[in-house]
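Asker: build me a model:
(one chain, ligands or ions: 1)
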Amino acid sequence: MTATKPSAVRRGCAITTRQLTKSFNGTTVLHPTDLTVPAGEILVLLGPSGCGKTTLLRLLAGLERSDRSDMIRFDGEDVSNVPIEKRNVGMVFQSYALFPNMTVAENVGYGLKVRRVAAAERAAETRRLLALVGLDEYADRRVTAISGGQRQRTALARALAIKPRVLLLDEPLAALDAVLRERLRVEIGLLLREFGITAIYVTHDQAEAMAIGDRIAVMQKGRIAQIDRPQAVYHRPANAFVAEFVGTVNRLEGFVRDGVLAIGGQGVAARLPVGGADRQTTIWFRPEAARPSDTGGAMTARIAASTFFGATQRLVAEVTPGQKLQIDLPSNRSFEVGALVGFDIDPEALIEFTTEA
Ligand SMILES: Nc1ncnc2c1ncn2[C@@H]1O[C@H](COP(=O)(O)OP(=O)(O)OP(=O)(O)O)[C@@H](O)[C@H]1O
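Answerer: Down below sits the predicted model:
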């Protein structure tokens, strides 16, 4: 994609919400939410179906009214009672919502035409945006005659054409196949950063969230469970829900005595040094925290399955009958299903929550 520097595009604005709340028919779907999004940030709203992501996005857009007013500010200005057409937000949806009877260029220039921007200026701006999203050669194609990925880039260019203060994206890649999704999430992230626009991006795909977001707000039942940089959300999840929703994670339950979590079974066992007082606890760790050990290791588990990933292999291993762990080990050693594997766990990567989610 061409890396043209946008010149006329205004930087995005800062967004703040204070105790933003939404109920439908007496059921609260967004609990009071305080959000501060600095200008130019890409914030991803991540969470399972029904957790309130779209509701929060629609409130910011002005497509829903909050339960109380004066809750949303753009650069300090209260926009709670400003209708959508005056909020100056751009929107990109999963279903491209393009006009099928128009060309790519006509779609991109549509918002400018509605705003009565002169034809020459409109054409120049449209060309610039099409170059930016790598569609200059498709300007005169009908949108019905381009691919899904090209349609999504057309939708992005169209949303950016009106120079929005905020760009809101709701599962923009959900309708695309896996390969295209993976490519476009990198491209969209680069484009949004290049624009310097403030963007709120809704997805339920954690890999997409980590690739695109400057920060991720993980939502759980109408609340933000954690808002932080992708690395922090992944490595230092705020609660068990976040740990399980973002990436693969293992849980080990047992008693800690003299600083060691010990669980045992028939030939398989864990004696994991975790420190701290004697307690019953759950310890969490990610598959890549496992380290192969030739001397036995703190953990011994029976291999139930293995999957080759190239550089690594993912083993499913039973540490006690019924307690399965997923661990990633280098793929240059082969492990037989049914055999025992010894490994350690990077102590830095152990996660323990004082309160359960
Ligand atoms: N207009 C509405 N009337 C009644 N209930 C609604 C309305 N819109 C959303 N809801 C409810 O609010 C809750 C949150 O919905 P929302 O669409 O915000 O979730 P989401 O996280 O975006 O989910 P998904 O990923 O499935 O789109 C859901 O339980 C949904 O059924």
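Asker: can you list the buried residues in the lengthiest helix in the chain?
Answerer: Longest helix of the chain, by residue count under DSSP state H: helix 178-195. Neighbour counts over helix 178-195 (16 or more other Cβ atoms under 10 Å) mark 180, 181, 184, 185, 187, 188, 189, 191, 192, 195 as buried. Any C-beta I mention is one placed from the backbone N, CA and C, and that applies to glycine too.
Asker: which segments of this protein make up each domain?
Answerer: Using automatic domain parsing, the domain parsing of the chain gives 15-245, 250-349.
Asker: is the first one positioned near the ligand?
Answerer: This points to domain 15-245. Yes: using Cβ under 6 Å from any ligand atom, domain 15-245 reaches the ligand at 24, 29, 47, 49, 50, 51, 52, 53, 54, 55, 204.
Asker: what is the nearest of these to residue 99?
Answerer: residue 54 (23.2 Å; Cβ to Cβ).
Asker: any chance you could list what contacts stretch 77-87?
Answerer: With contact meaning Cβ atoms under 8 Å, 6 or more residues apart in numbering, stretch 77-87 is reached by 61-63, 65-66, 69-74, 165-166.
Asker: may I see these organised as TSV, with secondary structure added?
Answerer: Listed next are these as TSV, based on DSSP: H, G, I helix; E, B strand; the rest coil:
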residue	secondary structure
61	helix
62	coil
63	coil
65	coil
66	coil
69	coil
70	coil
71	coil
72	strand
73	strand
74	strand
165	coil
166	strand
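Asker: kindly reformat these as CSV containing neighbour count and pLDDT.
Answerer: As requested, the contacts of stretch 77-87 are exported to CSV (neighbours: other Cβ atoms under 10 Å; pLDDT from 0 to 100):
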residue, neighbour count, pLDDT
61, 18, 93
62, 18, 92
63, 16, 91
65, 13, 91
66, 21, 92
69, 10, 73
70, 12, 71
71, 23, 87
72, 23, 95
73, 17, 96
74, 22, 95
165, 22, 90
166, 24, 94
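Asker: from these, which is closest to the ligand?
Answerer: Distance to the ligand, by Cβ to the nearest ligand atom, is smallest for residue 63 among these, at 10.0 Å.
Asker: residues in contact with that closest one?
Answerer: By Cβ under 8 Å, 6+ apart, the neighbours of residue 63 are residue 84.
Asker: and the host helix or strand of residue 108, how far out from the chain's middle?
Answerer: Using DSSP states H and E, residue 108 maps to helix 104-114. On the basis of Cα atoms, centre = their mean, to the nearest Å, helix 104-114 is displaced by 30 Å from the centre of the chain it belongs to.
Asker: let's verify residue 288: helix, strand, or coil?
Answerer: Per three-state DSSP, the secondary structure class of residue 288 is helix.
Asker: gap between it and residue 128?
Answerer: Separation of residue 288 from residue 128 (Cβ to Cβ, to the nearest Å) stands at 43 Å.
Asker: would residue 13 count as being in a helix?
Answerer: No: membership of residue 13 in a helix is not supported by three-state DSSP, which gives coil.
Asker: quick check: whatever residue of the stretch 101-250 of the chain ends up closest to the ligand vs residue 61, distance?
Answerer: Closest residue of the stretch 101-250 of the chain to the ligand, Cβ to the nearest ligand atom: residue 204 (5.1 Å). Noted for residue 204: a distance of 19 Å to residue 61, by Cβ to Cβ.
Asker: centre-most residue in the chain?
Answerer: Computing the C-alpha centroid of the chain and ranking residues by Cα atoms, centre = their mean puts residue 209 first, at 1.7 Å.
Asker: any idea how far that one lies from residue 245?
Answerer: 10 Å.
Asker: need the overlap of contacts for these two.
Answerer: What both residue 209 and residue 245 touch, as defined by Cβ under 8 Å, 6+ apart, is the set residue 46.
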